[in-house]
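Asker: need coordinates for the below:
(chains A, B, C and D)
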Protein chains: 2
Amino acid sequence: MALGKDYAHQQCSIARALEVVGERWTLLVVRDAFYGVRRYNDFLVHLGAPRAVLAARLQALVEAGVLDRRRYQESPPRDEYVLTERGLALWPVLRSLGAWGRAEVPGAVPVRHFHHADCGTELGSYGECPACRVPVPPADVEMRPGAGLDRDPVDPVGRALLRPRRLLVPVVPVVREDTPERGNS
Amino acid sequence: MALGKDYAHQQCSIARALEVVGERWTLLVVRDAFYGVRRYNDFLVHLGAPRAVLAARLQALVEAGVLDRRRYQESPPRDEYVLTERGLALWPVLRSLGAWGRAEVPGAVPVRHFHHADCGTELGSYGECPACRVPVPPADVEMRPGAGLDRDPVDPVGRALLRPRRLLVPVVPVVREDTPERGNS
DNA sequence: CATTCAAGGTTCGGTGAACGAACCGAGCTG
DNA sequence: CAGCTCGGTTCGTTCACCGAACCTTGAATG
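Answerer: Prediction:
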């Protein structure tokens, strides 16, 4: 637990939220789930977290109802982790954290841009579309690479995230040598 | 560090934000700063964090430019920690986390309500005023106790937060028996 | 002028979590 | 049937957190 009994005695919704998503790596797992990562190994290579920690976080998020674990093939049996409604409701948290990190942490070059897929406008700090004046659900968000993004990531998931893409669309890892598939260098 | 070198290699504004505010207790310290807590001892009794951890978090937040440490009396020399502009920019993060914790964590009774001081309307999930249709800066937010709030907290800071109050207004701890004011010269 | 008190820390031993490398097992695949 | 991939578990080390005790500065008290 992030704070265990210490947070439990806190009279605060923020503390209760942090009980669920406040531990190390947890919010980054959720972020990757928004990016379309669904499989244990893809989380692993993209996050670089220890395997045991990742397994514990995924299990805790499933128990908290943030992720749903479901079978996507039977032979061999393989499960994937997808965001539930409760997990999708975390989008404003990630959006505001990212906006703060980009605006307020010194030396931060924009890494990714988020646009309203319907009109192309870049989202505001609250995840709203300044043009349409509506909060944009994550399924309607298009992610585009920014100037600060590493052009040649070592992991196949990072390479798959180089191209503009919708949030929540499952990631297909891109191997380096062959199988450019639809990519660039 | 929340994740040290591990987060540094992350190509993500969210990871950079978590480098600053992702450690245990950090966001709760910032939350208390929004509530008006400014002094080491008040943070200590209200949070219940270990003294060494609190000292480390306050120092890290000052170094990150989230809090400003400033002398408020000379004899004896005493400093207080107040939010900087960069710290105030974290309000959407806390607001969205609190909204998620209240809406999505099971068994959560509303603990505090946040209203637009100008019009009295309760804030939306993004910290905006649904009536005025503007994002409400924290200085214009009034906090009111909710049904889930402990009516008789053990610590004097918790008692001071029982009454409706503006965010950012300095907290005056309330001792239990009488002594309406602290021994402040 | 010695004692006590309060604020704001620091120090220290014990404990639990994170880390990373190794290992494991099921099920394909050559 | 040897090897490979996926999805973990195990294990020893390191590190951060915890909580109690202690320390320092400066008033206030007797």
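
Asker: list the contacts for A:Arg133?
Answerer: If you count contacts by CB atoms under 8 Å, 6 or more residues apart in numbering or on different chains, A:Arg133 has none. From N, CA and C alone the C-beta is placed, and that goes for glycine too.

Asker: one more time with 10 Å
Answerer: A:Gly124, B:Arg133 (CB atoms under 10 Å, 6 or more residues apart in numbering or on different chains).

Asker: ramachandran angles for it?
Answerer: Backbone dihedrals for A:Arg133, given as degrees, to the nearest 10, come out at phi 60, psi 40.

Asker: distance of it relative to A:Asp150?
Answerer: 34 Å (CB to CB, to the nearest Å).

Asker: quick one, what contacts the residue nearest to the spatial centre of chain A?
Answerer: The residue lying closest to the centre of chain A (CA atoms, centre = their mean) is A:Arg31, at 1.7 Å. By CB under 10 Å, 6+ apart, the residues touching A:Arg31 are A:37, A:46-47, A:90-91, A:93-94, A:97-98, B:10, B:12, B:14-15, B:18.

Asker: run the last query once more with 6 Å
Answerer: Neighbouring residues of A:Arg31 by CB atoms under 6 Å, 6 or more residues apart in numbering or on different chains: A:Leu94, B:Ile14.

Asker: looking at this, A:Arg71 is in a strand?
Answerer: Yes - counting by DSSP: H, G, I helix; E, B strand; the rest coil, A:Arg71 is part of a strand.

Asker: now the nearest residue to it once chain neighbours are set aside: which helix or strand?
Answerer: Nearest residue to A:Arg71, sequence neighbours excluded (CB to CB, 6 or more residues apart in numbering or on different chains): A:Asp79, at 5.6 Å. Using DSSP states H and E, A:Asp79 maps to strand A:77-83.

Asker: got the buried residues for the helix or strand just after that strand?
Answerer: As assigned by DSSP H and E, the chain's next helix or strand after strand A:77-83 is helix A:85-88. For helix A:85-88, a neighbour-count test (16 or more other CB atoms under 10 Å in any protein chain shown) marks A:Arg86, A:Gly87, A:Leu88 as buried.

Asker: return the member of the residues you listed nearest to DNA strand D.
Answerer: A:Gly87 (16.7 Å; CB to the nearest atom of the strand).

Asker: so how far is A:Pro138 from the closest one?
Answerer: 10 Å.

Asker: A:Val82: how many residues sit nearby?
Answerer: 18 (other CB atoms under 10 Å in any protein chain shown).

Asker: show the contacting residues for A:Phe34.
Answerer: Neighbours of A:Phe34 in contact, by CB under 6 Å, 6+ apart: A:Pro138, A:Leu167.

Asker: skip ahead from whichever strand or helix holds it and say which helix or strand is next.
Answerer: Taking DSSP H and E as the criterion, A:Phe34 maps to helix A:26-35. Per DSSP H and E, the first helix or strand lying C-terminal to helix A:26-35 is helix A:40-47.

Asker: could you point out which element follows that following helix?
Answerer: Elements were assigned by DSSP H and E; along the chain past helix A:40-47, the next helix or strand is helix A:51-63.
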